[in-house]
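1. attaching a predicted model along with its sequence, questions to come.
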Number of protein chains: 4
Amino acid sequence: MLVIMRTDASEEEIQGVLSRLKEADLEGHLSAGEERTVIGAVGRVVDPDMRTAVGTMPGVDQVVPISRPYKLSGREFKPDDTVIDVGGVRIGDGNVVVMAGPCSIEDEDHMVSTAKAVKAAGAHIIRGGAFKPRSSPYSFRGLGEEGLKHLATAREETGLPVITEVMSIADVETVARYSDILQIGARNMQNFNLLDEVGLVRKPAMLKRGLSGTIEEWLLAAEYIMAKGNHEVILCERGIRTFETATRNTLDLAAVALVKRMSHLPVISDPSHGTGRWQLVEPMSKASVAVGADGLMIEVHPSPDHALSDGAQSLTFENFEKLMRTLETVGAAVGRPLAPRPGELAAV
Amino acid sequence: MLVIMRTDASEEEIQGVLSRLKEADLEGHLSAGEERTVIGAVGRVVDPDMRTAVGTMPGVDQVVPISRPYKLSGREFKPDDTVIDVGGVRIGDGNVVVMAGPCSIEDEDHMVSTAKAVKAAGAHIIRGGAFKPRSSPYSFRGLGEEGLKHLATAREETGLPVITEVMSIADVETVARYSDILQIGARNMQNFNLLDEVGLVRKPAMLKRGLSGTIEEWLLAAEYIMAKGNHEVILCERGIRTFETATRNTLDLAAVALVKRMSHLPVISDPSHGTGRWQLVEPMSKASVAVGADGLMIEVHPSPDHALSDGAQSLTFENFEKLMRTLETVGAAVGRPLAPRPGELAAV
Amino acid sequence: MLVIMRTDASEEEIQGVLSRLKEADLEGHLSAGEERTVIGAVGRVVDPDMRTAVGTMPGVDQVVPISRPYKLSGREFKPDDTVIDVGGVRIGDGNVVVMAGPCSIEDEDHMVSTAKAVKAAGAHIIRGGAFKPRSSPYSFRGLGEEGLKHLATAREETGLPVITEVMSIADVETVARYSDILQIGARNMQNFNLLDEVGLVRKPAMLKRGLSGTIEEWLLAAEYIMAKGNHEVILCERGIRTFETATRNTLDLAAVALVKRMSHLPVISDPSHGTGRWQLVEPMSKASVAVGADGLMIEVHPSPDHALSDGAQSLTFENFEKLMRTLETVGAAVGRPLAPRPGELAAV
Amino acid sequence: MLVIMRTDASEEEIQGVLSRLKEADLEGHLSAGEERTVIGAVGRVVDPDMRTAVGTMPGVDQVVPISRPYKLSGREFKPDDTVIDVGGVRIGDGNVVVMAGPCSIEDEDHMVSTAKAVKAAGAHIIRGGAFKPRSSPYSFRGLGEEGLKHLATAREETGLPVITEVMSIADVETVARYSDILQIGARNMQNFNLLDEVGLVRKPAMLKRGLSGTIEEWLLAAEYIMAKGNHEVILCERGIRTFETATRNTLDLAAVALVKRMSHLPVISDPSHGTGRWQLVEPMSKASVAVGADGLMIEVHPSPDHALSDGAQSLTFENFEKLMRTLETVGAAVGRPLAPRPGELAAV
């Protein structure tokens, strides 16, 4: 870190900072400019709390970090793209993977028929929520383990891997038993105990960006999971909260491109939550593929006006089918075709 | 709810909405204006998902809720202020309660000496973090149960009640054993499983507003706790995330005044996290009292430049003492004096 | 508008609202629900100030607008896409138009050589700033009319139309003399006098979205220009201000798709300002084309590390040439090819 | 500025930066750490564009500014508080000045009667809008010069100085003829031509913070006015735009306290626009005084439900009178009493 002193800092204040650094086993390199003194702290990696603490000292104007706070998730640590294999579907290898299904699992028929429909249209992974984070305690909160069973049935019937959200450390084991990927929702991006727990599981995790999560905080949240040993983390951009209310969230596609540069982890885009309006799902799906996303997560419902949650952003089977055909074209144009599916691998 | 149809909605589309409402046991009242038709849905309280679902129907322009989504936390349900007694300290009765102490508990001495200092200055409740939510997994994450023991010692030594954060459902019972109030942090405002669990405890909970939590979502989060039976919820405004980076967060004092109107629950202000700069803690504490906050939460550290966390926003003992004297004056001027303390009650 | 009364509104308060509406020549339709009364106001279009005023009356809970505040810019007024012809380049007809050039015009050579380079790569319209809005009064603020002359020279030398920003009503006439399109910058989106003045010019205007402009405010700003008689308005999404600082702004591509649905006006995307980082310009340009933008505005500089402004977001000639080749492919895939250029029209 | 190189920067890239600095007459001081090299640039004040340009060079990780971009408005330039005398009312000397009146001037009677009422309650300066920035071109935009005449009449009748907004450089001279203070509205905070023009006037200017204006940008906008020679600038915090919609804006009171530290200019708070709800004006006015604001700007209307603009946030005469009495008490408690008025000066 660099400690930039005030223009009026006294010699005593400068010495104070140097002593403080020494206490923390850091060496301070003085560089006296015309206007002010800058002290570079050299040594083992500097704890962010140390920076904050030094920032309170008299005579200090600001403290500037010079190294990234994340390691395992960064490209400096691992330059090559991480590719995650989920039941034969490869995420992060340059192809586009589509995860689709209902927001909430409503009953077995609903889950299985939707899974079959999205498979027929070309989806790679089936999604469906059994534990639902809802703003109001009076909304439908999901079927719980019963829902997970329907999801497992959908997997059997389609042969496709499945993904579902885990909201609580108490459910991690159960969800890991049924699901191929453990999703961590936006509201839990900084539920650090949950991140720790998912870090101990040996199944891929998909980490959604929080509504007010900066890119750096998002990578640090991934770091929590990786630091516990689970290096199979998929990031998912799902829109941030801004002043604009015409869309449910603001899907930050530049973040997808930027995170792909900063990190080796695969990045998925969720235009359903990102916009909250089904009419915008198709254009934003195309844009997500064009910007370089490794995949998409799309909500599909047989009858959105009867959905128990998120009807406004769900595609009908017909619209999802149309979307997949469009994505084939766009994906081909940008050199990111739809990924092959498990059953299709032999054929390639 | 009101269903506002598009100007070009067909008779068939209008009938479609009416049928959909009927399915959900709602009666639809048609009101045909010059430009467009509006349908009022009358019946039992309308599920927000129902609104979303109807919003997807052809011919519908927008759906407008007309009732509040929260109940137990609202003034319509309970017009009188809720007053919460914590070991003899009354929160919400018109006086100002000050909670103070270190961000993190660092060791027993540190905790006890800080507790004694803030007591001497006039604080009512001792704070100290044993489980710390940190953006980076490499930062100090707190002493855990050992820290809780130091906190309990501080309570014994000072006779003041204590508050500390609980981050995980696994720790709720432990934290409830040591602490008089269970704090739910900003990052967990929508950790719904944790809210449920704290709702089952019979100790007051303090619920911080999330970084991107709207006032409505905040009240709905309180509703989660109350719906499980725990009606002793204290709200805490601690700053929201905005584009401004000169302060750590943007402390939304208008929200304090507004929530006091909407809800009967006590509202506390946290200028330490709200600003992230100790120099702003004093002016924003005064402003918080003036705006009508029921109390303050203030970070105090014997030596902020050695704090293991949040040094930049911590007051020294001396500055905290000065702050308390100032608050006496401001509190008196606005008719919200500092609350009496447990030991002082008999004397009054 | 709908006036939703409080659940405890008295008969007198309801009558008060009805009288107030009558004063304003609006008829009030009462609809008494189980919980509360809703009053629909019918009559001539309701002034937003009237809504605000009624909202202050005793017994009123909220007032809900039911019609759009903009007219000329909306699809309800004009269902078909507006196509704007600028010196033979058609904007808004389904093809993609690329505007490119330096942020600031630095001298004649710089302007002309850049114009030739972007023409050679396939750009349709030349951009260059002569009047520069700068946060600091000590930054380079542009060459003024001298810059406009260089821009005119660039037009002569390339045969392509040009666009430049006008910042002040005093300069509208001068800018209109030199430029084919008048650009209104983000900071001036709600400079209403400037909008009025540009509304009187008979040249196309390009209106950038403000840093904190909602979509509705943006369309109302276009409405200002159109209400004065200039219906040739091009909208330009250039990123909004959010909490994320890793990019200069947050380019809101969903807004592009949504505005295309709400309005008949062409919508351009500016990934240079939208991201502030040249490395993100290529991926976000592709995404912009995929989402349905009618064109792009791209900053190009012969030597970005010597640019007098916005070097960080400028492409070199080489990178711009590569970008154009990529956009041909993506445009073709989504059915939005690069537009033909003036000289090429006969050949098609 | 400090140029922080990437960990993998080559010797050639480091030399490239040094040469680039030399071109700009800056000396580069190399400081090679264990992980990476940092180059300090020493010389005349560094242009922000230079920073941006160097940031694009190969091998550069980030460029960190170490000096403030503003000068005249900063405390480093002028440590003592600026006190501005407006017709005998002193702003910035530690007392609280209240500016009050209607949002829009509606007619002479309305203006004069409101002015008399706010004077009777103790206001120091009369406000009233003649040129109104309105989101919609179809809203009431003010009476223009006719309104200014009514404002001048109000001044004569009350003997108090007046303030009104100027929106356009074309109106600066006219407004300066009638008004004692020229107000620059939030939407014009970065209307740089207007700032320049107001900088040439020899009357105090009040500069509102933009909806998305950072504190640094706000001070730079003040710098524009001051750099042209007008050093009598009053800053006005009026709320920023955030995700919260329960209030019209988010009044950032910490910014008031922070700007008072960074700058010597007086800072006023506008709780009417800052909240958009009259019920919140009283608590936020008290908080503004407690936080250290040099004054308040309050909207008052004889009959808010008939206001031609901003009725929802206007106080009645009666509520304004109550507010003033409350502010006397709070002001006294925090050592910032209401300022004496012109007529009262002799008496003190």
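-> Received the coordinates, thanks.

2. just the pLDDT for residue A:15.
-> You'll see residue A:15 listed with a pLDDT of 93.

3. swap in residue A:348?
-> pLDDT recorded at residue A:348 is 39.

4. next structured bit after the helix or strand where residue A:173 lies?
-> Per DSSP states H and E: residue A:173 is located in helix A:172-178. For helix A:172-178, the following helix or strand on the C-terminal side (DSSP H and E) is strand A:181-184.

5. and that next one, which strands flank it?
-> Using DSSP bridges, the neighbouring strands of strand A:181-184 in the sheet come out as strand A:162-165 (parallel), strand A:205-208 (parallel).

6. isn't residue A:278 right up against residue A:318?
-> No. With contact defined as CB atoms under 8 Å, residue A:278 and residue A:318 do not form a contacting pair (11.7 Å). C-beta here means a position set from N, CA and C on the backbone, and glycine is covered the same way.

7. comparing these two, which residue is more hemmed in?
-> Set residue A:278 next to residue A:318 and count neighbours by other CB atoms under 10 Å in any protein chain shown: residue A:278 wins out with 23 against 10.

8. format the CA atom coordinates belonging to the top helix by length along chain A as PDB.
-> In chain A, assigned by DSSP state H, the helix with the most residues is helix A:317-333. The C-alpha coordinates for helix A:317-333 follow below in PDB (Å, rounded to 0.1, in the frame of the first residue of the first chain):
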ATOM      1  CA  PHE A 317     -42.400 -22.600 -24.100                       C
ATOM      2  CA  GLU A 318     -42.900 -21.100 -27.500                       C
ATOM      3  CA  ASN A 319     -40.900 -18.000 -26.800                       C
ATOM      4  CA  PHE A 320     -38.100 -20.000 -25.300                       C
ATOM      5  CA  GLU A 321     -37.900 -22.200 -28.400                       C
ATOM      6  CA  LYS A 322     -37.700 -19.100 -30.600                       C
ATOM      7  CA  LEU A 323     -35.000 -17.600 -28.300                       C
ATOM      8  CA  MET A 324     -32.900 -20.700 -28.600                       C
ATOM      9  CA  ARG A 325     -33.000 -20.600 -32.400                       C
ATOM     10  CA  THR A 326     -31.900 -17.000 -32.300                       C
ATOM     11  CA  LEU A 327     -29.100 -17.700 -30.000                       C
ATOM     12  CA  GLU A 328     -27.700 -20.400 -32.300                       C
ATOM     13  CA  THR A 329     -27.300 -17.700 -35.000                       C
ATOM     14  CA  VAL A 330     -25.800 -15.100 -32.700                       C
ATOM     15  CA  GLY A 331     -23.500 -17.500 -30.900                       C
ATOM     16  CA  ALA A 332     -22.200 -18.700 -34.300                       C
ATOM     17  CA  ALA A 333     -21.500 -15.100 -35.400                       C
END
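
9. got the angle between it and helix C:317-333?
-> For helix A:317-333 against helix C:317-333, the angle by axes from the mean of the first three to the mean of the last three CA atoms, to 10 degrees is 140 degrees.

10. just how off-centre is helix A:317-333 within its chain?
-> Distance, stretch centre to chain centre, for helix A:317-333: 23 Å (CA atoms, centre = their mean, to the nearest Å).

11. please tell me how far the residue nearest to residue A:333 when sequence neighbours are not counted sits from residue A:326.
-> What sits nearest to residue A:333 in space, not counting adjacent residues and going by CB to CB, 6 or more residues apart in numbering or on different chains, is residue C:333, at 3.3 Å. From residue C:333 across to residue A:326, the span is 9 Å (CB to CB, to the nearest Å).

12. show me where the stretch 51-200 of chain A has strands.
-> Counting by DSSP state E, counting those that start in this stretch, the stretch 51-200 of chain A has strands at residues A:60-64, A:84-86, A:89-91, A:97-101, A:125-127, A:162-165, A:181-184.

13. residues making contact with the first one?
-> In this case it means strand A:60-64. For strand A:60-64, the external contacting residues (CB atoms under 8 Å, 6 or more residues apart in numbering or on different chains) are A:1-7, A:9, A:13, A:17, A:36, A:51-52, A:54-55, D:2, D:64, D:66.

14. could you export that strand as CSV, CA atoms only?
-> The C-alpha coordinates for strand A:60-64 follow below in CSV (Å, rounded to 0.1, in the frame of the first residue of the first chain):
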residue,chain,number,x,y,z
VAL,A,60,-2.3,10.9,6.6
ASP,A,61,-4.3,12.1,3.6
GLN,A,62,-5.2,8.8,2.0
VAL,A,63,-4.0,5.2,1.8
VAL,A,64,-4.0,3.6,-1.6
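
15. how about the residues of the stretch 51-200 of chain A near chain D?
-> For the stretch 51-200 of chain A, the contact set with chain D under CB under 8 Å from any CB of the partner chain comprises A:61, A:62, A:64, A:66, A:67, A:76.

16. mind checking the end-to-end distance for stretch A:253-269?
-> 8 Å (CA to CA, to the nearest Å).

17. give me the buried positions along it.
-> Residues A:253-260, A:262-269 are the ones in stretch A:253-269 that count as buried (16 or more other CB atoms under 10 Å in any protein chain shown).

18. does residue A:298 count as helix, strand or coil?
-> strand (DSSP: H, G, I helix; E, B strand; the rest coil).

19. could you report the distance from it to residue D:231?
-> Distance of residue A:298 to residue D:231, given as CB to CB: 58 Å.

20. higher neighbour count, the two?
-> Each of residue A:298 and residue D:231 has its neighbours counted (other CB under 10 Å); residue A:298 has more, 29 against 19.

21. gap between that one and residue B:231?
-> Distance from residue A:298 to residue B:231, by CB to CB: 41 Å.

22. likewise for residue A:167?
-> 24 Å.

23. go on, residue A:161?
-> Separation of residue A:161 from residue B:231 (CB to CB): 44 Å.

24. could you export the strands paired with strand A:181-184 as TSV, including mean pLDDT?
-> Output for those, formatted as TSV (pLDDT from 0 to 100):
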stretch	mean pLDDT
strand A:162-165	98
strand A:205-208	98
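
25. return the most buried member of the ones you listed.
-> Mean neighbours per residue, mean count of other CB atoms under 10 Å in any protein chain shown, is largest over the strands paired with strand A:181-184 for strand A:205-208, with a mean of 27.

26. hmm, who's touching that one?
-> Residues from elsewhere that reach strand A:205-208 (CB under 8 Å, 6+ apart): A:163, A:181-186, A:189, A:195, A:198-199, A:218, A:221-222, A:225, A:230, A:232-236, A:238, A:268, A:270.

27. average pLDDT for stretch A:18-31?
-> Stretch A:18-31 carries an average pLDDT of 88.

28. quick one: the residue of the stretch 1-150 of chain A found nearest chain C and residue B:276, what's the gap?
-> Among all residues of the stretch 1-150 of chain A, residue A:68 sits closest to chain C, at 11.9 Å; criterion: CB to the nearest CB. Residue A:68 is 21 Å from residue B:276, where distance means CB to CB.
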